[in-house]
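[1] what's the 3D shape of this:
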Amino acid sequence: MKKVVVTGGAGFIGSHLAEELAGRGYRVVVIDNLSTGKLANIDGLIKEKRIEFIQGSITDQPLLQEAFKDAAYVFHEAAIPSVPRSIDNPQASHEVNITGTLNVLLAASQNKVKKVVNASSSSVYGETPTLPKREDMTPQPLSPYAATKLAAEYYCSVFGKSFGLKTVSLRYFNVYGTRQAENSQYAAVIPTFRKNIAAGKAPVIYGDGEQTRDFTYIKDVVRANILAAESDAEGVYNISAGQGISINALARRLLETAGSDLEPIYKPPRAGDIKHSVADISKAAGFGYKPEYTFENGLKELTRSGYEKQPG
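    Numbering: from 1, shown residues only. Okay, here's the model as predicted:
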């Protein structure tokens, strides 16, 4: 069995990725310090001995050096997420998202890992005016979080040019699905809306609600990671559904599904938030990526999965 390492593997995306990799016969090692990840997300995998779990941080270089021995691929999901969180504490975001990524790349290079798949973000585009967003656009990050993700991409590129380490950076666009945190002040919009509506509270929209997002179902993101690792792909790629949805439309859809007559509450825009975001995903088709879930189908599967009962 090929060994793979998933940093941040107890988190929302990382736990889904670890589960799928284990199901495909990989020997999976998960590294997570549980600062934002939840042990409940991978507890079953640990008990069934389908993965190996190491509690630790990507800021611990010796730990990574040991964990990466004989690994074919490293899926780098560990990060301090969220634009608002990075504005509240930019230094913490820098130390984990940039220095931590450098540690991952050093350990991968020195252990001759075949490829590192790095989790990046659509936030690097900022307010670039053209839609859809293409990988050849000049990034214009608006937040410390976005800046850390862009710096991590550059480090990945440099390690390819300077040390021969193959890397892929996947720019995720608004990923959603089961296990996504809903109890944090920094929670993403879909779990936050769903939690409020279920509690009989109106969803809170920052700005006029006409801002658009390209919501991407978790299973498509997991497939993209594995396709990128197993292919010859290198460089930067957008990963999304390729479909822009306004926040107002999202709120209406979730309210209708819940049979609620609540009306959204509008508050001033938040610092660092961009207005419009939808991706051109034609480049990722080169390594076989094609989204299988539309916005509607993803929300239907999320509802069927018993989302509110999920850990995290």
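
[2] outside of stretch 20-38, which residues touch it?
    1-11, 14-15, 18, 42, 45, 50-58, 63-64, 67, 71, 75, 78, 80-81, 179, 181, 184, 222, 226, 311-312 (C-beta atoms under 8 Å, 6 or more residues apart in numbering). C-beta: built from backbone N, CA, C; applies to glycine.

[3] Please, where are all the helices along the stretch 1-150 of the chain?
    12-23, 43-47, 61-67, 83-88, 90-94, 100-110, 144-163 (DSSP state H, counting those that start in this stretch).

[4] So for the third one, mean pLDDT?
    To tie it back to what came earlier, the one meant is helix 61-67. Helix 61-67 shows a mean pLDDT of 98.

[5] before we move on, what about the last one?
    For helix 144-163, the per-residue pLDDT values average out at 98.

[6] after that helix, next one along is what?
    strand 166-172 (DSSP states H and E).

[7] Can you tell me what sits against that following strand?
    13, 105, 114-122, 124-125, 135, 152-153, 156-157, 159-160, 216, 221, 224-225, 228-229, 233-240, 279.

[8] ok, that strand: who's next to it in the sheet?
    Each strand that pairs with strand 166-172, with its direction, by DSSP bridges: strand 115-121 (parallel), strand 235-239 (parallel).

[9] returning to what we had before: let's see which of the contacts of stretch 20-38 end up in strands.
    Per DSSP state E, strands hold the following members of the contacts of stretch 20-38: Lys3, Val4, Val5, Val6, Thr7, Ile51, Glu52, Phe53, Ile54, Gln55, Ala71, Phe75.

[10] Tell me the one of these nearest Thr148?
    Nearest to Thr148 among the ones in strands among the contacts of stretch 20-38 is Thr7, at 14.8 Å by C-beta to C-beta.

[11] Double-check that closest one against Tyr73; I have them as touching.
    No. At 11.5 Å, Thr7 does not count as touching Tyr73 under the criterion of C-beta atoms under 8 Å.

[12] what's around Lys3, how many residues?
    18 (other C-beta atoms under 10 Å).

[13] Do I have it right that it meets Val74?
    No. Lys3 is beyond contact range of Val74, at 9.9 Å (criterion: C-beta under 8 Å).

[14] coming back round to it: deepest-packed of the strands paired with strand 166-172, please.
    Burial of those is given as mean neighbour count (mean count of other C-beta atoms under 10 Å); strand 115-121 ranks first at a mean of 26.

[15] And the contacts of that strand?
    By C-beta under 8 Å, 6+ apart, strand 115-121 touches 8, 13, 72-77, 79, 101, 104-105, 108, 145-146, 149-150, 152-153, 156, 159, 165-172, 225, 228-229, 236.

[16] mind redoing it with 7 Å?
    With contact meaning C-beta atoms under 7 Å, 6 or more residues apart in numbering, strand 115-121 is reached by 13, 73-77, 79, 101, 104-105, 108, 146, 149, 152-153, 156, 165-172, 225, 228-229.

[17] for stretch 274-281, same thing?
    122, 126-127, 131-134, 142, 173, 211-214, 238, 240, 242, 244, 289.

[18] Which ChimeraX command selects the buried ones in these?
    With 16 or more other C-beta atoms under 10 Å as the burial test, the buried ones among those are selected in ChimeraX as follows:
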select :122,126,132,133,142,173,211,212,213,214,238,240,242,244,289
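
[19] which ones among the contacts of stretch 274-281 are found in strands?
    When the contacts of stretch 274-281 are checked against strands (DSSP E), the matches are Thr212, Arg213, Asn238.

[20] my guess is the last one contacts Met137, does it?
    What it means is Asn238. No. The criterion here is C-beta atoms under 7 Å, and Asn238 misses it with Met137 at 10.3 Å.

[21] which other residues reach stretch 223-231?
    The contact list for stretch 223-231 (C-beta under 7 Å, 6+ apart) reads 17, 20, 73, 75, 115, 117, 168, 170, 237, 239, 284, 287-289.
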